[in-house]
Structure formats: structure tokens, C-alpha cells
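A.B. asks: What would the 3D arrangement of this be:
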Amino acid sequence: MNTPQQVLKKMLSLDKFSAWLGLEIDSVSDGYCKLHYTVKEDMLNGFGSIHGGVLFSAADSAFAFACNSDGVLSVALDVHISYTRPAQTGDVLTVEAQEIHKGNKTGLYDISTKNQNGELVCMFKGTSYRTGKNIL
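C.D. replies: Okay, here's the model as predicted:
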């Protein structure tokens, strides 16, 4: 049986985008992932706050790490994000993905992004499709 840490190691070895974003994994377990990153100047939009695409991408990565943690290749079937407040250069954002439901073919996940003050920056909800194929 594969551990979530083994699966994460394999995924990160191939995931250049998450590395480029500067995502640092704090914790991974079955159906769960917590990571953080620091907002850099090149992540800002034309209004001087973090670009929504950066928030989406970081949440999507946490979603992927959580829904694949059991070693069954899972892909995004449907996702939705709601933005609640801006983030600025230097803010440290923590992204936490939590499994709500895992069935034979689909899974449901809540992914929150909070700033260093514990304030919600965005909420991402993801539905995964479980292919039945092993990652390792």
C-alpha cells in the first residue's frame, strides 16, 4: 500500500508548476494536504493584489495532493472558487485541502486559503474523478 508521503513525493518530482509557485508542503495525509507560500511581486495583478489565477493554482495543487493521497489517480471533474479578500506582496498564504467525501468514482474537497492573520482569502471546492489507476 502506498503512503500519502510516497504519492506526494512522486507527484512533486513531476510537478514543475507547483515548484515555480514556491509551494511548500506542511502536511499530507489520506484526503488532506496543508501547504503555504509567500506572495511575491510577480504574482500581483494590475491592481497591486495577488492575481486570482495564482490563488486558483495553489488551491488546485493542494486539491490534487489531497485527492491523490491514497495512490489512486484522480483528476479534477469540477471546481469552483470564491475570492473573499486580497493578498499583498509578503503575505504568507496557507492552503488547506480537506476531503469531504470519497466514493468509488468521485471525491469532494473543500480547500481554504488564509493569510497570516487567519483571514479567509478564498474558498475552493473541488470534485475529483477517481480513474482506478495507481499512481505508483
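A.B. asks: What pairs with the lengthiest strand in the chain, parallel or antiparallel?
C.D. replies: Counting residues, the longest strand in the chain under DSSP state E turns out to be strand 120-134. Strand pairing for strand 120-134, using DSSP bridges, gives strand 72-83 (antiparallel), strand 106-114 (antiparallel).
A.B. asks: can you list the ones you listed in a markdown table and add mean neighbour count?
C.D. replies: Any C-beta I mention is one placed from the backbone N, CA and C, and that applies to glycine too. Below are these laid out as a markdown table (neighbours: other Cβ atoms under 10 Å):
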| stretch | mean neighbour count |
| --- | --- |
| strand 72-83 | 15 |
| strand 106-114 | 21 |
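A.B. asks: Between strand 120-134 and the strand or helix carrying residue 8, find me the angle.
C.D. replies: Assigned by DSSP states H and E, residue 8 belongs to helix 4-14. Here helix 4-14 runs at an angle of 100 degrees relative to strand 120-134 (axes from the mean of the first three to the mean of the last three Cα atoms, to 10 degrees).
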